[in-house]
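Enquirer: Dropping the sequence and predicted coords here.
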Amino acid sequence: MFITKSYTARTAPDFSPLSAASSAGRLDVICRCVISAFKMSHGLRSSVTFYAVLAGPPNPPLVLKVSEPEEELLRDEVTVAEAIANAMRRGHYGGFKVFKGDLSKVLADLTSMGGKIACLVLSEAGEDVLGVCERIRGVDVIAIALGTQVDLDPRDLKVLESLRPYYCSLGPLSYLASHAIVLINYFLDLMSGC
Ligand SMILES: C[S@@+](CC[C@H](N)C(=O)[O-])C[C@H]1O[C@@H](n2cnc3c(N)ncnc32)[C@H](O)[C@@H]1O
């Protein structure tokens with residue numbers, strides 16, 4: 001499960017999916033994160049849920065929840081941006097859901113699923129990923145929180161404190177958010193014996 005927040009992404013479906021980076025306030029970053037969270041060379045990862053809080057103008061904050069998406073909607077960034085716009089118009093569309101709320105709403109949604117949750121906040125300055133993977137063996141749900149084109153701000157990190165997160169580093173270099181998702185998926189795959 002992934003949790004992120006864009007402080008700039010547009011919160012109305014009045015943007016062009018062809019220019020999500022400009023007309024939608026860097027929604028392109030979220031689109032790439034969705035693709036990285038789910039897509040494999042063949043098919044989609046199962047049992048992934050992706051949450052993004054969208055907090056740009058004109059109607060913040062909105063929660064985007066992607067769960068069991070239709071594969072063709074993840075073809076590329078443009079189709080993902082179209083799916084998000086459609087979900088904003090209709091409430092849900094092909095596994096994409098949009099509803100009013102901030103990070104606390106996301107946490108309420110995920111804790112309502114039950115089970116033991118380990119929250120990993122991805123941060124260059126955190127504890128080495130391999131050590132964290134060892135410490136979370138056997139949990140039911142792994143919730144990975146990360147920034148977008150900027151880091152999560154201190155107020156949002158405070159909200160995540162209720163999950164007693166592990167700050168988890170993929171190394172000293174700063175990766176794009178979508179690449180950080182690929183990397184953490186790789187380590188979690190290794191941990192699960194794939
Ligand atoms: C593009 S980075 C955000 C800005 C970046 N931290 C910087 O200072 O330029 C996107 C997000 O990916 C995650 N991330 C990137 N590199 C990472 C690393 N080496 N270890 C852990 N998380 C990382 C963090 O959550 C970060 O907020």
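Expert: Perfect, I can see it now. On a predicted model such as this, the values are computed, not experimentally measured, just so you know.
Enquirer: which strand is the longest one in the chain?
Expert: Assignment by DSSP state E gives strand 117-128 as the longest strand of the chain.
Enquirer: Tell me which residues are up against it.
Expert: With C-beta atoms under 8 Å, 6 or more residues apart in numbering as the test, strand 117-128 has contacts from 110-111, 132, 136, 139-147, 151-152, 157, 160, 163-174, 180, 184. To be clear about C-beta, it is placed using only N, CA and C from the backbone, and glycine gets the same treatment.
Enquirer: Could you spell out the sheet neighbours of it, each with its direction?
Expert: Applying DSSP bridges to the sheet, strand 117-128 is found paired with strand 141-146 (parallel), strand 166-169 (parallel).
Enquirer: Most tightly packed of those?
Expert: strand 141-146 (a mean of 21; mean count of other C-beta atoms under 10 Å).
Enquirer: so for that strand, what's the average pLDDT?
Expert: For strand 141-146, mean pLDDT rounds to 96.
Enquirer: mind listing what's buried in the host helix or strand of residue 87?
Expert: Assignment of secondary structure by DSSP states H and E places residue 87 within helix 77-90. For helix 77-90, burial by neighbour count (16 or more other C-beta atoms under 10 Å) applies to 77, 79, 80, 81, 82, 83, 84, 85, 86, 87, 88.
Enquirer: which one of the strands paired with strand 117-128 lies closest to residue 115?
Expert: Shortest distance between residue 115 and the strands paired with strand 117-128, using C-beta to C-beta, is found for strand 141-146: 5.2 Å.
Enquirer: which residues touch the closest one?
Expert: For strand 141-146, contacts defined as C-beta under 8 Å, 6+ apart pick out 1-4, 110, 113, 115-122, 136, 152, 160, 163, 165, 177, 180-181, 184, 188.
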